[in-house]
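**Q** I'll drop the sequence and a predicted model, then ask my questions.
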Amino acid sequence: MLFTLMLGKLVVKLAGFAKKDMSIGGKIASRMQKDILKRLKKKITGDFIFIVGANGKTTTRNLLVDIFEKEGFNTGNNHHSKDTYYGVISALIEKTKIFGKTKVDYMVIEIKDITTLSLFKEIIPEYLIITNLIKEQLSRTGEFQITIDNLKKYLQKMTSTTMIFNGDDPVIVDIGMDLKSHVIYYGIDDHNDDDEPEERKCIRCNGTLNYSYINYGQLGKYICNSCDLETPEIDYLATNVSLKDGIYFDLWTKGNEYPFDLPSQGYHNIYNILAALALLDELDIGIDAGELALEKIDIEDIFVDTFYIRKPIFLKEANNISSFEQGLETIGEDEGKIDILFIFDDEDDEEEITFIYDCDWSVLDNINIEKIYVSGDRAFDLGFCIRYLTKAYNKLIVSENEEMTLNQAINGTGEKLYIVTKGKNDKNFEKTLVSMEKKWSKSKKWTRK
């Protein structure tokens, strides 16, 4: 164990210096000692917090780590390594002392995928947060119902773990209903008179699930006509939500009300904040401490990369239908004149992106759009949907030439440019924007022919 830990630390540190994937340290250590994760857990004292879900994992983890550190707690997390099995091992190696036990108040671990939770059987966390689960994403790892059933069996063994679940997600609530552990729910109460009821298939019995409103994706208020699946009693409930000029909501919990007014965007971040606040309250750190800390924290928005080339440019990678629709909703909150650029390429693993046809495009009808630029391998799929599912078809420009389309969009007449990308060229596209921004900032004028 001693030699394995020393070598693992050396590899992790060298990978960090070289700006390479630090997960290599965990991979080497696990090959040298198969039960390395179990041994590392024994060396670390403190509460383990697992965060898993389709969206919001990283933001929720970052919020918790920032708040813990501002409160003076000794905190560990897997920020410097991937959220994979080997990445988690590397994070623990990085934090663990070579000799003796390591005193940590909270170890916050983001896990890549709900289906990989069983890999961490050596660690039973004190707290588990599930942000949301998307059927399309889980189906790619195998049969959806089999995945859910296996997850239930695994979680049923974690009787001492406090579960903090998104109560607005019927897939998560279905899981929670079959657990004997302590389950806490958070959610958003949004009574909008313009909302139209919607019907979907019930995950629990295949009956009809009736929604009175949907915040985004499958998250909302629901009840099944045929079984007992419905929105549970919410322990941490956001009410009076406003998304104008930031985020405003009142948090109700245990008979108390806490107002929040934060400089961020989107329902997705309200859910992330609620998950963090619920955990803080359950840890007896308190909502007030979380509120003070949140005022000083830059909460990650749906458009996490920003540039300035002739005008503000906001870049978002769309990982699935949920994050894609969140991106569209965030664009819809901008009241200025804007341009939008969609660039969707095929994945290296040929992953299907059929959600192009499944998502709700109607949000584009209510935005002050100058032009919609579409490019990439899937340009004509996107163009087809925008042309026939929105009223913005007369503002559409479609081209498979990504470089030319990007130049057109940057030189467009919109006051801002929102870019949504998906596919194998995401990282290269980001590097292109960085290079363009540097070139423009030096010359203060930028026009490519």
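**A** Cool, the structure landed.

**Q** Over to the closest residue to residue 77 other than its chain neighbours. Which of the three states is it?
**A** For residue 77, ignoring the flanking residues on the chain, the nearest one in space by Cβ to Cβ, 6 or more residues apart in numbering is residue 108 at 4.3 Å. In short, each C-beta sits where N, CA and C put it, glycine included. Here residue 108 is strand, with the state taken from DSSP: H, G, I helix; E, B strand; the rest coil.

**Q** With residue 269 instead?
**A** helix.

**Q** Quick check: it touching residue 59?
**A** Yes. Applying Cβ atoms under 8 Å, one finds residue 269 in contact with residue 59, separated by 6.9 Å.

**Q** do you know how far the residue nearest to residue 77 is from residue 49?
**A** 5 Å (Cβ to Cβ, to the nearest Å).

**Q** before we move on, what about residue 18?
**A** 29 Å.

**Q** ok, those two, which is more surrounded?
**A** More crowded of residue 18 and residue 49, by other Cβ atoms under 10 Å: residue 49, with 26 against 9.

**Q** Do you have the helices of the stretch 1-150 of the chain handy? List them.
**A** For the stretch 1-150 of the chain, applying DSSP state H, counting those that start in this stretch gives helices covering 2-17, 23-32, 36-43, 57-70, 85-95, 135-139, 144-155.

**Q** how about the last one: buried residues?
**A** So the one you mean is helix 144-155. Residues of helix 144-155 classed as buried: 144, 147, 148, 150, 151, 155 (neighbour count, 16 or more other Cβ atoms under 10 Å).

**Q** Out of these, which is nearest to residue 417?
**A** Nearest to residue 417 among the buried residues of helix 144-155: residue 144, at 36.8 Å, using Cβ to Cβ.

**Q** Quick check, pLDDT for the closest one.
**A** We note a pLDDT of 77 for residue 144 in this prediction.

**Q** going forward, begin numbering at 36 instead of 1
**A** Right, with 36 as the first residue, what we last looked at is residue 179.

**Q** ok, it to residue 169 distance?
**A** Distance from residue 179 to residue 169, by Cβ to Cβ: 10 Å.

**Q** Just give me the neighbour total for residue 156.
**A** Residue 156 has 11 neighbours, counted by other Cβ under 10 Å.

**Q** Report the contact partners of it.
**A** By Cβ atoms under 8 Å, 6 or more residues apart in numbering, the contact list for residue 156 is empty.

**Q** Now it: phi and psi?
**A** Main-chain dihedrals, residue 156, degrees, to the nearest 10: phi -60, psi -20.

**Q** for this structure, what helix or strand is lowest in average pLDDT?
**A** helix 170-174 (a mean of 60; mean pLDDT, DSSP states H and E).

**Q** buried set for the helix or strand that contains residue 360?
**A** Taking DSSP states H and E as the definition, residue 360 sits inside helix 356-367. Neighbour counts over helix 356-367 (16+ other Cβ under 10 Å) mark 356, 357, 358, 359, 360, 361, 362, 363, 364, 365, 366, 367 as buried.

**Q** got the contact list for it?
**A** Against helix 356-367 from outside (Cβ under 8 Å, 6+ apart): 89-90, 167, 169, 171, 251-252, 300-303, 336-338, 351-353, 373, 375, 390, 393-396, 398-399, 401-402, 453, 455, 457.

**Q** out of these, which are inside strands?
**A** Counting by DSSP state E, the part of the contacts of helix 356-367 found in strands is 251, 351, 352, 373, 375, 453, 455, 457.

**Q** need the contact list for the fourth one.
**A** Right, residue 373. 366, 402, 403, 404, 405, 449, 450, 451, 452, 453.

**Q** tell me the pLDDT at residue 326?
**A** Among the per-residue scores, residue 326 shows a pLDDT of 83.

**Q** Phi first, then psi, for it.
**A** Dihedral angles (degrees, to the nearest 10) for residue 326: phi -60, psi -40.

**Q** Adding distance to residue 435 and pLDDT as columns, could you present the ones in strands among the contacts of helix 356-367 in TSV?
**A** Formatted as TSV, those follow (distance: Cβ to Cβ, whole Å; pLDDT from 0 to 100):
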residue	distance to residue 435	pLDDT
251	30	76
351	21	83
352	20	78
373	23	92
375	17	93
453	20	92
455	17	89
457	15	82
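
**Q** For the buried ones among those, write the corresponding ChimeraX selection.
**A** This is how ChimeraX selects the buried members of these, with burial counted by 16+ other Cβ under 10 Å:
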select :251,351,352,373,375,453,455,457
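
**Q** As JSON lines, the ones in strands among the contacts of helix 356-367 with distance to residue 67 would be great.
**A** As requested, the ones in strands among the contacts of helix 356-367 are exported to JSON lines (distance: Cβ to Cβ, whole Å):
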{"residue": "251", "distance to residue 67": "45"}
{"residue": "351", "distance to residue 67": "40"}
{"residue": "352", "distance to residue 67": "35"}
{"residue": "373", "distance to residue 67": "53"}
{"residue": "375", "distance to residue 67": "50"}
{"residue": "453", "distance to residue 67": "47"}
{"residue": "455", "distance to residue 67": "43"}
{"residue": "457", "distance to residue 67": "38"}
